[in-house]
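*Asks:* Need the 3D shape of this:
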Amino acid sequence: MFTRAKLFKLCVSTFGRDIHSLRDSVVKAISVGADLVEVRLDYLDELNVNVVSSTLKPYMNRLVLTLRAHYENGLFEGDEKERAEILKQLGREGPAYVDIELRSPMFQDLSKELMKAGTALIVSWHDFEKTLDTDTLRRIANMAMIGGSIAKVVTMARSFSDNLKVLSLYHTGDKHRLVAFCMGTEGVLSRFLSVMLGAPFMYVSLPGEPTAPGQPSITEAKEIFRMLSLSCCGE
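*Replies:* Next up is the predicted model:
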């Protein structure tokens, strides 16, 4: 039987082409037991900061606001200054977290301004092609942890051993501030093992609506954890 004293949370990644679809996905995620809800703002066909703020205000303290840049497989088509300004404005609305990319050329200024406003940050780094060596991944994780509340390091698993490279990051540093796992079918195991090793939350999807390769649904994750008798989500 697996147990862990520190409870972890399930974060459901959601998206919508319009604000009403996005809000409906947020409501649905909360109704099926999400502790946190990631809203992929880059999926919106039209992004109006005031509309997003007013529509999602009732759920803001449970939201992870993500406006993913194109260089990390996102859909946002504007430039970095525009993206940074949107995140700054929304960061003042009291979300649970704002996700910013470590690779962003605006990272230093954006992270400082958001932290000054009291916004909790997830500093993320993704590689959708491969998994780098462990030492490189450790340096990336350390830089991300310095820059925010949570460091998120995600790679593409091409073999089973890639899981081991990423999961080894939990043996150093503050593992409860690290979310590290592999994408793809080869990396599914790492998603589940990450929370057993200390990750504060796990990214899942609504049933049938994954936002990344190999992402399980919240219902699948809950059932697996139930079978493992692993304490999660206050259960």
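*Asks:* Give me the mean pLDDT for stretch 175-195.
*Replies:* Regarding stretch 175-195, the rounded mean pLDDT is 96.
*Asks:* Can you tell me how far the nearest residue in space to residue 91 that is not next to it in sequence is from residue 95?
*Replies:* Distance criterion Cβ to Cβ, 6 or more residues apart in numbering; nearest residue to residue 91, sequence neighbours excluded, is residue 119 at 4.1 Å. Heads up, the C-betas are built off the backbone N, CA and C, glycines and all. According to Cβ to Cβ, to the nearest Å, residue 119 and residue 95 sit 7 Å apart.
*Asks:* what's the burial count for residue 177?
*Replies:* Neighbour count for residue 177, taken as other Cβ atoms under 10 Å: 18.
*Asks:* For it, list the residues it contacts.
*Replies:* Each residue near residue 177 by Cβ atoms under 8 Å, 6 or more residues apart in numbering is listed here: 145, 149-151, 200.
*Asks:* same thing with residue 193?
*Replies:* By Cβ under 8 Å, 6+ apart, the contact list for residue 193 reads 163, 167.
*Asks:* check which helix or strand covers it.
*Replies:* Under the criterion of DSSP states H and E, residue 193 resides in helix 188-197.
*Asks:* so after that helix, what's the next helix or strand?
*Replies:* strand 201-205.
*Asks:* Which elements pack onto that next one?
*Replies:* Here strand 201-205 touches strand 9-14, strand 178-183, helix 188-197, helix 218-228, going by 3 or more Cβ pairs under 8 Å, 6 or more residues apart in numbering; DSSP states H and E.
*Asks:* what do you get if the cut-off is 6 Å, keeping everything else the same?
*Replies:* On a contact count with 3 or more Cβ pairs under 6 Å, 6 or more residues apart in numbering; DSSP states H and E, strand 201-205 meets strand 9-14.
*Asks:* Quick check: mean pLDDT of stretch 144-153?
*Replies:* Throughout stretch 144-153, pLDDT has a mean value of 95.
*Asks:* mind checking how far it is from the chain centre?
*Replies:* The chain centre lies 11 Å from the centre of stretch 144-153; the measure is Cα atoms, centre = their mean, to the nearest Å.
*Asks:* Stretch 74-93 now?
*Replies:* Counting by Cα atoms, centre = their mean, stretch 74-93 comes out at 17 Å from the chain centroid.
*Asks:* who touches it?
*Replies:* The contact list for stretch 74-93 (Cβ atoms under 6 Å, 6 or more residues apart in numbering) reads 42-43, 49, 53, 60, 65, 67-69, 98, 105-106, 110, 113-114, 117, 119.
*Asks:* now the residue nearest to residue 91, what's its secondary structure?
*Replies:* Under DSSP: H, G, I helix; E, B strand; the rest coil, residue 119 falls in the coil class.
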